[in-house]
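*Asks:* sequence first, predicted coordinates after that:
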Amino acid sequence: MDRRESLKALLVGTVAGATLTGAAACKEGETGNTAEVIADAQGLYGRLPEEIERDKRVMASEFLNEHELETIAVLCDIILPATPSAKSANDAKVPEFIEFIVKDIPSHQLPMRGGIAWLDVESNQRYNKEFKSCSDEEQIAIIEDIAYPDPDGKKPDMSHGIRFFELIRGLTLTGYYTTRMGFDDLGYKGNYANEWDGVPPEVLAEHDVDYDEEWLSKCVDQSKREVIAEWDDEMNLIT
Amino acid sequence: MQIKESSKVYDVIVVGSGAGGGMACNQLANAGLKVALVEAGPFFDPADPVTMTQMKWPWDSPRRGASSTRDFGDYDMSWGDWEIDGEPYTTKGDTEFKWWRSRMLGGRTNHWGRISLRFGPTDFQHKTVDGLGDNWPITYDEVKPYYDKLDKMVGVFGSKEGRYNDPDGYFLPAPKPRLHELYYIKAARKLGIPVIPSRLSMLTKRINNERGVCFYCGQCSRSCRVYADFSAGSVLVFPAQKNGQVDLYNNAHVRKVTTDAEGKATGVSYINKEDRKEYALKGKVVVLAASACGSARILLNSKSEQHPNGLGNSSNVVGKYLHDSTGSSRAGFIPALMDRKMYNEDGVGGMHVYTPWWGDGSKLPFQRGYHIEVWGGAGMPAYGFAWNPTDFNKYIGGAVGGYGDKLRGDVKRFFGSVIGFGGRGECIAREDNYCELDPTVVDQWGIPVLRFNYTFSDQERQQAKHMQHTFENLIEAMDGVVLGDTPTAEQNYGLNKPGEIIHEVGTTRMGNDPSTSVTDKYQALHDAKNVYVTDGGPFVSQADKNCTWTIMALSMRASEHIVGELKKMNI
């Protein structure tokens, strides 16, 4: 197999490969019922049977209630609305991610539940309505009071709301930027097989750094990557 | 319960399939010996798509790679971490020791950083320089031929630099530095701190037709499907299996080494984790490579009439002189790296450049050094990414906090603008840092567990203080902003807990004097010449280097000795 083919083989869908290898592994009795493992793996991301069990258990459990999830959906799109070039947090299913992650990381549960309750207490006091039922303007008025840090303690009544907003903003952003939509917005270009050959010249030109000849002489010549390495007795690479 | 005994007698039983055990298995099987390889975890092949995590996207994981089930995240290729269900360890007093265990074929080599540094001439004889610790009973010149063979056999990239205590090897070419690494090079040179291409066991160039070449996904911690990084399974065990000389026992947790009336080893006794029953294997030689602490535990649990204090422990030294590398870290925000153009800079899984130790202990308030590991760049986002994307605005006069479109701009502005440093240094081995059998606690297999005792001395604290000072200078030399407060003396200057660097060694140290050491210079027990230890246990000192390359070179050397002794009928 030449290099181009081997890279192509790398990128072939893993499920087909999994079935083949799984069958072989089954014969050797290594991985038990592989077909079942694959079906349960939901996307086949390398889970062990006990991890799959745990995932299933966590997914089947419930923590946030419908009201809390609806409130989270409103907050998600205040935090990351759609733009002409990018989709919204709800488009990227961030509320579903938050629903899962607070069950997966239980330390988020109380701050999330309590924070949403704090938000409803605040909007009830101001507008006699739950936060999610408030008008856009009313919601934004509250968000404006909790979306910024208050290092000088000028808004002591808002400190718990500020802490909650940090949590929901953090979860929304991390949930969004770990999706394909988020990657597209970010412009992340990695996680592909490639032959790294240094910082692109146009990027170097923007920075006050460069490669020097001495350093480059120690570096990979990608045109010779497939040539088997040989050395002389002085430890010099000669191929 | 009856112990089930096999009538087969192996030439060698190797316990553990990581760096030390994998190498012993490979060398002994290739020498024509019949080998039983006994591994406490299941089979693992980095190329198996069912268990593979390499090249997955964060959204393949419902938790986006968070560390809920694996301490280094969903995609880290280690089955087992600081805690393993049913297999505890304990600590005494104020000790906060942490012990990472990977229960799988290949052990911890499946996820390690692949930093592959030879120990230098000084490292083997450091007591001669500063009077601390002990010298090894062997010299660099005695180990050099094995390092040379290892380089060519396993593959390591790097560069010839001619540094006395950082010996050169047979290197593959180094990958070109990434952008943040170019900033690092410039800053380090400004401060007179050396910086050279890093030395990692990843194939930037083909070394044989069995293994592939690096395709720069930056995910060596997930273990490579084309075997372009070093893992003991793919590089040592699988090739050794090809000639039919190896019987692999998976999910087999060794409880003790069995001995005869003369005190010589006759084999091992292990628990089969699938049926929870105990089995015995017979062998002419036993090689322990269950990790420094794991092997010490087996020896201490191998009590008999002939070895009442545990096997190999007539000196009472088994478990003593435990030491892990020191670690202290810091990060900085580099405004010049804001608003970056995006391109694929994943590179290899780890740093492309590093700083070897440059200091002179005679002019410093501490002896022994550290090297600097560098991280940064626009790496693949996972859980935790963009958590607080507006915070750095406070350093550039922008608005902190907020919501809406502004956030998108901030996420992009600061992506890839942080650089971080980890200092990894030598902790001086002391008799009073040790692991022992806990007198009351057993694991789920009924085997007494380890209890750790470990304190730092001012040597380590002063070294960490120096690291922090250096990191701050480096960040400032990049016109960056040092993040977080300088760790104080009360915080041990940011020293990681012992064990956290996962370089624990020294528990069965080698020496010429049987009253102060556990193994001889070929890593055979003074008390039972047909038992060898080929993990980090026989290390007399750690050096400011990572331990794996030396574990493997010494395992190769010990294996050669075993072959010779068997031929001479000495064992």
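*Replies:* Nice, I can see it. Quick caveat: nothing in here was measured; it's all calculated off a predicted structure.

*Asks:* contacts only, for the nearest residue to residue A:187 once chain neighbours are set aside.
*Replies:* Here the nearest residue to residue A:187 in space, its sequence neighbours aside, is residue B:342; by C-beta to C-beta, 6 or more residues apart in numbering or on different chains that works out to 3.9 Å. For every residue, glycine as well, the C-beta is placed using N, CA and C. Contacts for residue B:342 (C-beta atoms under 8 Å, 6 or more residues apart in numbering or on different chains) come out as A:186, A:187, A:188, A:189, B:378.

*Asks:* again, only using 7 Å
*Replies:* Neighbour list for residue B:342: A:187, A:188, A:189, B:378 [criterion: C-beta atoms under 7 Å, 6 or more residues apart in numbering or on different chains].

*Asks:* cool, residue B:310 as well?
*Replies:* B:299, B:300, B:302, B:303, B:318.

*Asks:* let me know the pLDDT of it.
*Replies:* Looking at residue B:310, its pLDDT reads 98.

*Asks:* on the three-state scheme, residue A:82 is what?
*Replies:* Following DSSP: H, G, I helix; E, B strand; the rest coil, residue A:82 is assigned to coil.

*Asks:* against residue A:131, how distant is it?
*Replies:* Going from residue A:82 to residue A:131 by C-beta to C-beta, to the nearest Å gives 21 Å.

*Asks:* who has more neighbours out of these two?
*Replies:* Higher neighbour count among residue A:82 and residue A:131: residue A:131, with 25 against 14, using other C-beta atoms under 10 Å in any protein chain shown.

*Asks:* I'd assumed residue A:120 was in contact with that one.
*Replies:* Yes - between residue A:131 and residue A:120 there is a contact at 5.4 Å, judged by C-beta atoms under 7 Å.

*Asks:* phi first, then psi, for the closest residue to residue B:183 other than its chain neighbours.
*Replies:* Among residues not flanking residue B:183 along the chain, residue B:478 sits closest, at 5.2 Å (C-beta to C-beta, 6+ apart). Torsion angles at residue B:478 (phi, psi; degrees, to the nearest 10) stand at phi -100, psi 10.

*Asks:* state the pLDDT value of residue B:478.
*Replies:* 98.

*Asks:* okay, now it: neighbour count?
*Replies:* Residues lying near residue B:478 (other C-beta under 10 Å) number 23.

*Asks:* pick out the residue closest to the middle of the chain.
*Replies:* By default, I'm working from chain A. residue A:178 (2.4 Å; C-alpha atoms, centre = their mean).

*Asks:* meant chain B, my bad for not saying
*Replies:* Centre-most residue of chain B, counting by C-alpha atoms, centre = their mean: residue B:503, 4.7 Å.

*Asks:* correct me, but it touches residue B:326?
*Replies:* No - if you go by C-beta under 7 Å, residue B:503 and residue B:326 don't touch, sitting 9.4 Å apart.

*Asks:* before we move on, back to that, now rank the contacts of residue B:342 by neighbours and give me the top one.
*Replies:* residue B:378 (24 neighbours).

*Asks:* assign a three-state SS to the closest residue to residue B:65 other than its chain neighbours, would you?
*Replies:* Spatial nearest neighbour of residue B:65, chain neighbours left out: residue B:382 (3.7 Å); criterion: C-beta to C-beta, 6+ apart. Using three-state DSSP, the structure places residue B:382 in coil.

*Asks:* residue B:382 reaches residue A:178, doesn't it?
*Replies:* Yes - judged on C-beta under 7 Å, residue B:382 makes contact with residue A:178 at a distance of 6.2 Å.

*Asks:* quick check: neighbours shared by the two?
*Replies:* Joint contacts of residue B:382 and residue A:178 (C-beta under 7 Å, 6+ apart) are B:58, B:64.

*Asks:* any idea whether residue B:152 is helix, strand or coil?
*Replies:* Under three-state DSSP, residue B:152 falls in the helix class.

*Asks:* which residues does it contact?
*Replies:* Counting by C-beta under 7 Å, 6+ apart, residue B:152 has contacts residue B:170.

*Asks:* kindly recompute the last result at 10 Å.
*Replies:* For residue B:152, the contacting residues are A:229, A:230, A:231, B:169, B:170, B:207, B:208, by C-beta atoms under 10 Å, 6 or more residues apart in numbering or on different chains.

*Asks:* which one of those sits closest to residue A:215?
*Replies:* residue B:169 (18.5 Å; C-beta to C-beta).

*Asks:* for the stretch 251-400 of chain B, what lies in contact range of chain A?
*Replies:* By C-beta under 10 Å from any C-beta of the partner chain, the residues of the stretch 251-400 of chain B that approach chain A are B:336-337, B:339-348, B:352-353, B:377-391, B:394, B:399-400.

*Asks:* name the nearest residue to residue 93, sequence neighbours excluded.
*Replies:* Just so you know, I chose chain A. Take residue A:93 and drop its neighbours on the chain: the residue closest to it by C-beta to C-beta, 6+ apart is residue A:179, 7.3 Å away.

*Asks:* looking at chain B here, not the other one
*Replies:* Closest to residue B:93 by C-beta to C-beta, 6+ apart is residue B:453, at 7.0 Å.

*Asks:* roughly how far apart are residue A:227 and residue B:15?
*Replies:* Taking C-beta to C-beta as the measure, residue A:227 falls 39 Å from residue B:15.

*Asks:* who has more neighbours, these two?
*Replies:* When residue A:227 and residue B:15 are compared for neighbours, residue B:15 comes out ahead with 31 against 11, by other C-beta under 10 Å.

*Asks:* returning to that earlier point: just the residues of the stretch 251-400 of chain B next to chain A: which are in strands?
*Replies:* The members of those that map onto strands under DSSP state E are residue B:353.

*Asks:* buried among the residues of the stretch 251-400 of chain B next to chain A? Make that a ChimeraX selection.
*Replies:* To isolate the buried ones among those in ChimeraX, judged by 16 or more other C-beta atoms under 10 Å in any protein chain shown, type:
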select /B:336,337,340,344,345,346,347,348,352,353,377,378,379,380,381,382,383,385,386,387,388,389,390,391
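
*Asks:* did I read that right, residue B:267 in a strand?
*Replies:* Yes - the assignment for residue B:267 (three-state DSSP) places it in a strand.

*Asks:* show me what contacts it?
*Replies:* Residue B:267 neighbours (C-beta under 10 Å, 6+ apart): B:5-6, B:8-10, B:13, B:36, B:256-260, B:280-286.

*Asks:* again with residue A:132
*Replies:* With contact set as C-beta under 10 Å, 6+ apart, residue A:132 has these partners: A:67-75, A:116, A:119-120, A:123, A:139.
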